[in-house]
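# Just the structure for this:
(chains A, B, C and D)
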There are 4 protein chains.
Amino acid sequence: MSVESLTAQLRRFAQDRDWEQFHTPRNLAMALSGEAGELLSLFQWLRDGQVGEWLNDPGNRTAVEHEMADVFGYLLRLADVLDVDLVASLRAKIDVNEQRYPVELARGNALKYTVLAAKRAAQQ
Amino acid sequence: MSVESLTAQLRRFAQDRDWEQFHTPRNLAMALSGEAGELLSLFQWLRDGQVGEWLNDPGNRTAVEHEMADVFGYLLRLADVLDVDLVASLRAKIDVNEQRYPVELARGNALKYTVLAAKRAAQQ
Amino acid sequence: MSVESLTAQLRRFAQDRDWEQFHTPRNLAMALSGEAGELLSLFQWLRDGQVGEWLNDPGNRTAVEHEMADVFGYLLRLADVLDVDLVASLRAKIDVNEQRYPVELARGNALKYTVLAAKRAAQQ
Amino acid sequence: MSVESLTAQLRRFAQDRDWEQFHTPRNLAMALSGEAGELLSLFQWLRDGQVGEWLNDPGNRTAVEHEMADVFGYLLRLADVLDVDLVASLRAKIDVNEQRYPVELARGNALKYTVLAAKRAAQQ
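Numbering: from 1, shown residues only, chains lettered A, B, ... in the order given. This is a model prediction of the structure:
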């Protein structure tokens, strides 16, 4: 199922319930952030190395999948309401990041592109 | 371009830079939440009715698209790392929400499903 | 009751339960962000003008107070764990903002300080 | 400096700039969540064990302090605008948590109070 048809399904869900009045850009951005926070809270008391085992519990895995679905759903709704082509936007952002994070400078570190650019300038 | 091929492109981007060490589930959930917060902050001083005009400015629209792309990218990375089928998860969540929010009870209101369930129980 | 004594009370609460192992800086930052998201979600389907009436419902007001308390609690715990003087940090940040947002330039608008600085430079 | 006098200082800062029009409850909740996300993003590519060393860098420490100050400032503004007594709310929440997380049940684990309650019920 494509992003387009999921978007259409979510739009119909909102229309059927007369919920478009609630789905303003600000509200959807708030809902998206709230759901991202709920996803985050599932991981908040684990140590880095414990996540794999924790996810072996089917209840925990389902909880993660539900929160990720909520984030995805609000992201698609927001894109629909704002008439944003999410796939094209991500492809464009990947192109930007290819420029910002050249392989030879970015390999193996998590430095921000502004720091990388300063390093590159200093080398020249 | 499908969700699968975007996911593969993002994975290759991370592999090329030896960034998989940074892309743990907890870190990606943090990055996702941070980007959702940046998206939110673009809208934070507007009034509900001002968003449309504000988005007519191409710089503002591009900023929104970039932040939405960042959210989408980290969501896809997290799904890849956790081996979650994001599309299937969203379809499953829509099915759950069809049950939780029956059209005749949910129409025109933003009540939570737990409140709707209590109303339904009281009616019977 | 002062910030110091609240901080001490929260520390004792954690110590009594042997929870200091969970209260790492990363985990507390995640918990803080998760609670900020829960606070946000209370407001997500309201319109700007509806908040006052909505808060007249004692249950809604209490929900807001509880989420704000959770944010405050995790912020104090994080400051304690990182040995950050929160009050001094806020006073220092207010001083920075006095410089960034001079009254005559910032009055009545919500422009970012970087934009204000560019305007000021253009005027000179 | 007390919470009250910080609150008064922040209010005056907003009044001097005619910013009270922007400081609606929804907007302040969005700003609070956005700043919590920025704080989070500082920690997002670290491993749990790296935070201490990372904070030895004065620039990193200052960045953390600034983001924490931003969170604190918006939390105080929101409390002021909503007429919430933040200190009293936190003390009330601590009392709730004393009930929810009895020392003998909560010691050394990070289980949610609903799970603890179920365990307690099963024991009786």
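
# any idea which helix is longest in chain A?
In chain A, with assignment by DSSP state H, the single longest helix is helix A:58-82.

# near chain C at all, that helix?
No. Using CB under 8 Å from any CB of the partner chain, helix A:58-82 stays clear of chain C, with a minimum separation of 9.7 Å. (Each C-beta comes from the backbone N, C-alpha and C, glycine too.)

# what's the angle from that helix to helix B:58-82?
160 degrees (axes from the mean of the first three to the mean of the last three CA atoms, to 10 degrees).

# If we go by neighbour counts, what in helix A:58-82 is buried?
Residues of helix A:58-82 classed as buried: A:60, A:64-82 (neighbour count, 16 or more other CB atoms under 10 Å in any protein chain shown).

# Ok, stretch A:82-95 next?
For stretch A:82-95, by 16+ other CB under 10 Å, it's A:82, A:84, A:86, A:87, A:89, A:90, A:93.

# likewise stretch A:7-24?
A:7, A:10, A:11, A:13, A:14, A:17, A:19, A:22, A:23, A:24.

# Just want the phi and psi numbers for the second one.
Dihedral pair for residue A:10: phi -70, psi -40, per degrees, to the nearest 10.

# Which pLDDT does the model give it?
The model reports residue A:10 with a pLDDT of 98.

# Same check on the fifth one?
Model confidence at residue A:14, given as pLDDT, is 97.

# Could you list the domains of chain A?
By the assignment in automatic domain parsing, chain A contains the domains A:1-84, A:85-124.

# What's the end-to-end length of the last one?
Spelled out, it's domain A:85-124. Using CA to CA, to the nearest Å, the end-to-end distance of domain A:85-124 comes to 38 Å.

# Show me what counts as buried in it.
The neighbour-count check on domain A:85-124 (16+ other CB under 10 Å) flags A:86, A:87, A:89, A:90, A:93, A:97, A:101, A:105, A:106, A:113, A:116 as buried.

# Let me have the residues you listed in a markdown table, extended by distance to chain B.
Compiled in a markdown table, those are given as follows (distance: CB to the nearest CB, whole Å):
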| residue | distance to chain B |
| --- | --- |
| A:86 | 6 |
| A:87 | 5 |
| A:89 | 4 |
| A:90 | 4 |
| A:93 | 4 |
| A:97 | 7 |
| A:101 | 6 |
| A:105 | 9 |
| A:106 | 5 |
| A:113 | 12 |
| A:116 | 11 |
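
# Give me the subset of these lying in helices.
Of the buried residues of domain A:85-124, the ones assigned to helices by DSSP H are A:86, A:87, A:89, A:90, A:93, A:97, A:105, A:106, A:113, A:116.

# how about the nearest residue to the last one, chain neighbours excluded?
What sits nearest to residue A:116 in space, not counting adjacent residues and going by CB to CB, 6 or more residues apart in numbering or on different chains, is residue A:105, at 5.0 Å.

# List the contacts of the one you found.
Residues in contact with residue A:105 (CB atoms under 8 Å, 6 or more residues apart in numbering or on different chains) are A:116, A:119, A:120.

# one step back: right, and out of the ones in helices among the buried residues of domain A:85-124, which lies closest to residue A:30?
Residue A:30 has its nearest neighbour among these in residue A:86, at 18.5 Å by CB to CB.

# For chain A, which element, helix or strand, carries the lowest mean pLDDT?
Sorting the helices and strands of chain A by mean pLDDT, DSSP states H and E puts helix A:113-123 at the bottom, at a mean of 86.

# quick one: residue A:90 and residue B:6 touch, right?
Yes. Residue A:90 is within contact range of residue B:6, at 6.1 Å (criterion: CB atoms under 8 Å).

# For these two, list the residues in contact with both.
Among the neighbours of residue A:90, those also in contact with residue B:6 (CB under 8 Å, 6+ apart) are residue B:76.

# Check what pLDDT residue A:1 gets.
pLDDT for residue A:1: 63.

# Which residues of chain A lie near chain D?
Going by CB under 8 Å from any CB, the residues of chain A near chain D are A:26, A:29, A:30, A:33, A:37, A:40, A:45, A:47, A:48, A:110.

# Closest residue of chain A to chain C?
As assessed by CB to the nearest CB, chain C sits closest to residue A:37 within chain A, at 2.1 Å.

# angle of the helix or strand containing that residue against helix D:25-42?
Here residue A:37 is covered by helix A:25-42, with elements defined by DSSP states H and E. Per the same axes, to 10 degrees, the angle that helix A:25-42 makes with helix D:25-42 is 40 degrees.

# And helix A:25-42, what does it pack against?
helix A:58-82, helix B:25-43, helix B:51-55, helix C:25-42, helix D:25-42 (3 or more CB pairs under 8 Å, 6 or more residues apart in numbering or on different chains; DSSP states H and E).

# and the first one with chain B, contact?
Yes. Contact of helix A:58-82 with chain B (CB under 8 Å from any CB) involves A:64-66, A:68-73, A:75-76, A:78-79, A:82.

# Of these, which pair is most distant in space?
Spatially, the most separated pair among those is A:64 and A:82, at 27.1 Å (CB to CB).
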